[in-house]
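**Q** here are the coordinates; sequence isn't available:
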């Protein structure tokens, strides 16, 4: 009987450890504006996190995309892609820090495998677009997206790459940079990585 209790106790400890080790980092993140979001996900690669609040009545998605462990010589991006978990067709929010460390954000539609990474309109309206670069290693993009119900469960893509003399360079084409895609459901909060 004592052996059975030890097994039960050990099993409980293992389950407790596994549950705590899988806790989402995004749940403990805060923003300098004290803004809070209803849901968040730790994205599986590139040290990125997505926070959001969906307002069903307004049809808007208020998001914060955070990339930690980056630098002022890197750009960060997050995108929705209704055509699948890939770069081509992505509707992206992009941010980078200038030489003074001031963050700049813009939208761009990825319409080729060699995108210009120049500002362009997306297939849905975007408002309140801004970015912050804090602690010398943390880029956060903020925006409000006006999306249709068809985009409430869709594919997402996130990425990072080099910046040189204010020009955004091509992201690496191996490792985590090729795994930075997945699914997202803004109603349930469920996401899947690297499809």
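**A** Thanks, I have it. All values derive from a computational prediction rather than experimental measurement. Residues are numbered from 1 along each chain as shown.
**Q** can you list contacts of whichever strand or helix holds residue 49?
**A** Using DSSP states H and E, the secondary-structure element containing residue 49 is strand 48-55. Taking contacts as Cβ atoms under 8 Å, 6 or more residues apart in numbering, the residues outside strand 48-55 that touch it are 25-26, 29, 37-43, 60-68, 76, 78, 152, 156, 158, 180, 184, 186-187, 191. Placement of C-beta: from N, CA and C, glycine included.
**Q** Give me the PyMOL select line for those, limited to the buried ones.
**A** In PyMOL, a selection of the buried entries from those looks like this (16 or more other Cβ atoms under 10 Å):
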select buried, resi 26+29+37+39+40+41+42+43+60+61+62+63+64+65+66+67+68+76+78+152+156+158+180+184+186+191
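**Q** Run me through the strand neighbours of the strand holding residue 49, direction for each.
**A** Strand 48-55 pairs in its sheet with strand 39-42 (antiparallel), strand 60-68 (antiparallel), by DSSP bridges.
**Q** got the contact list for the residue lying closest to residue 91 once chain neighbours are set aside?
**A** With Cβ to Cβ, 6 or more residues apart in numbering as the criterion, residue 91 has its nearest non-adjacent residue at 4.2 Å, and that residue is residue 122. Contact partners of residue 122, counting by Cβ under 8 Å, 6+ apart, are 91-92, 107, 109.
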